[in-house]
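Q: This is a predicted model, with the sequence first.
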Amino acid sequence: MGRPKKINLEAKKSRRKKPILSVNGMSDILPEDQKYWNYILEKFIKVAEPFSFNRIDTPLLENSELFSKRVGFSEKFVTKNMFAFKDSKKDNLVLRYDLMLGIGRAYVENNMFSLGKPVKLYSYGPVFQNENSELNSLRQLCQFNMSIIGKNDIVIDAQIIFLIKKMLESIGLKDLEVQINSVGCGLCADEYKNTLSSFINSKKNRLCNDCKKNIKEDIFSIFTCQNENCQLIFEDAPEVVDSLCEDCNKNFKAILEYLDDLKIPYNLNSRIFNKLNYYTSTAFEILSPKTENSNPYLLAEGGRHDDLINALGGQATSAMGSSLQLNGIVDLMKKREIKVPEKKTKVDVLLIQLGELAKRKSLEIFDEMINKGISVKESLHKDSIKSQLRLAENLDVKFSVILGQKEVLDKTVLIRDMQSGMQEIINLDKLIDELKKRLKNYKK
């Protein structure tokens, strides 16, 4: 046989494959950022639970009918703005576009009508929106949803806005802008749609091509057009509040009075529709203030959707909800340099190992210590005793348990008091009892 060929490491390095990058519009949440997400979730739940909200989780995949046929999203909207596809059984599916529709579907499917009213639910998780807007360029977002279903009372609207603002303030976000509108009931919406159509058609020749198409397909989407000429035209468009019936007008004024009583400042914004095809009455957004250097962050949006449960096959049921946009919230927290407390678990013991034999044995010992309720860390990634003792000091542990080859053969371990530096050899089978006794005395 001939000599084996030498491997040219330099040549191999030069042929390294190009790395695969994340999908455009989707980002990783790296370890150093996890503290923000954990902190936000903990704070939001802490606000929600005293108000009797319970958690619900819905699937990432839903039938496309949930978004198209039932709640009025056009087929074009579903195709363009959602991740829609057919599975191997030819079923039409979408990745969930928001949390509210899945919650409404779950409410009907699981007969939650039988529960005491109102039903208060919160949910947390990713949603998928295949669109680019002025305020967002991500395709995978994370939302925290609050929903109150089954109670037709204006105080619910005020309560949701109050809770969302309270949640944002609990994580250090102040100076928020609450913008609110009323889109009225179905009759109000139809009247406004006709009024708006007449106005837009009179200006049709001056509109951009996209707006001309949207007049027929989704007239309310014209207000999101970024064309400067179109924006100037829409400034004179009729406002939805002028089309409100007497009851809707009365209810809207009552909500504003609640906000005044709660000392929540707000701005009336007649251009907030929040997907008018399934929202009714109240619609609101909470944003960060716009500055010279940046656009505002859309932190939360929501409103009343009294027609949703009925559209999904349930009995007519009032509902109010809001979604907090966590990606924007995290970005704003970083921008404002809001400090998030680091959660450090207090560790009592560090298991130190020296040599291959000790490393293998230490896994067994480590597992037993955990099972017996001892707060312990391992240092298998380190080899020298000096570096492991330094780690014990950094962790501020009370004791180090040292295991070398000799100790493995003798079935002993060395316990080191990190405060006094005193060490003692004990039998391995007495380790757990000895540590528990020393830790108990240490606390005294």
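A: Happy to help now that I have it.

Q: Low-confidence regions, the stretch 251-400 of the chain specifically.
A: 274-278, 291-293 (pLDDT under 70).

Q: For the helix or strand harbouring Ser322, which strands pair with it and how are they oriented?
A: Applying DSSP states H and E as the criterion places Ser322 in strand 319-325. Using DSSP bridges, strand 319-325 pairs in its sheet with strand 140-149 (antiparallel), strand 298-304 (antiparallel).

Q: Skipping adjacent residues, who's closest to Asp98 in space?
A: Using C-beta to C-beta, 6 or more residues apart in numbering and skipping residues adjacent in sequence, the residue nearest Asp98 is Val127, 5.4 Å away. Every residue, glycine included, has its C-beta placed from N, CA and C.

Q: First-to-last residue distance for stretch 82-97?
A: 6 Å (C-alpha to C-alpha, to the nearest Å).

Q: And it, how far out from the chain middle?
A: With C-alpha atoms, centre = their mean, to the nearest Å as the basis, stretch 82-97 stands 23 Å off its chain's centre.

Q: contacts for that stretch?
A: With C-beta atoms under 8 Å, 6 or more residues apart in numbering as the test, stretch 82-97 has contacts from 58-67, 78, 81, 102, 127-130.

Q: swap the cut-off to 7 Å and go again
A: Leu60, Leu61, Glu62, Asn63, Ser64, Phe67, Val78, Gly102, Val127, Phe128, Gln129, Asn130 (C-beta atoms under 7 Å, 6 or more residues apart in numbering).

Q: re the thing from before, just the element for the residue nearest to Asp98, please.
A: Element membership for Val127 (DSSP H and E) is strand 119-128.

Q: so what does that strand touch, helix or strand wise?
A: Judged by 3 or more C-beta pairs under 7 Å, 6 or more residues apart in numbering; DSSP states H and E, strand 119-128 is in contact with strand 54-55, helix 100-109, strand 140-149.

Q: Can you identify the element that follows the last one toward the C-terminus?
A: On the C-terminal side of strand 140-149, the nearest following helix or strand under DSSP H and E is helix 154-170.

Q: Can you give the contact residues for that next one?
A: With contact meaning C-beta under 7 Å, 6+ apart, helix 154-170 is reached by 43-44, 47, 51, 146, 148, 176, 178, 251, 254-255, 258-259, 262, 264, 282, 284, 286, 299-300, 302, 304, 320-322, 324.

Q: do that again at 8 Å, thanks
A: 43-44, 46-48, 51, 118, 144, 146, 148, 176, 178, 180, 251, 254-255, 258-259, 262, 264, 281-282, 284, 286, 299-300, 302, 304, 318, 320-322, 324, 329.

Q: try stretch 33-42
A: 29, 124, 142, 144, 171, 326, 329-330, 333-334, 340-343.

Q: quick one: which of the contacts of stretch 82-97 is most hemmed in?
A: Highest neighbour count within the contacts of stretch 82-97: Phe67, with 25 neighbours (other C-beta atoms under 10 Å).
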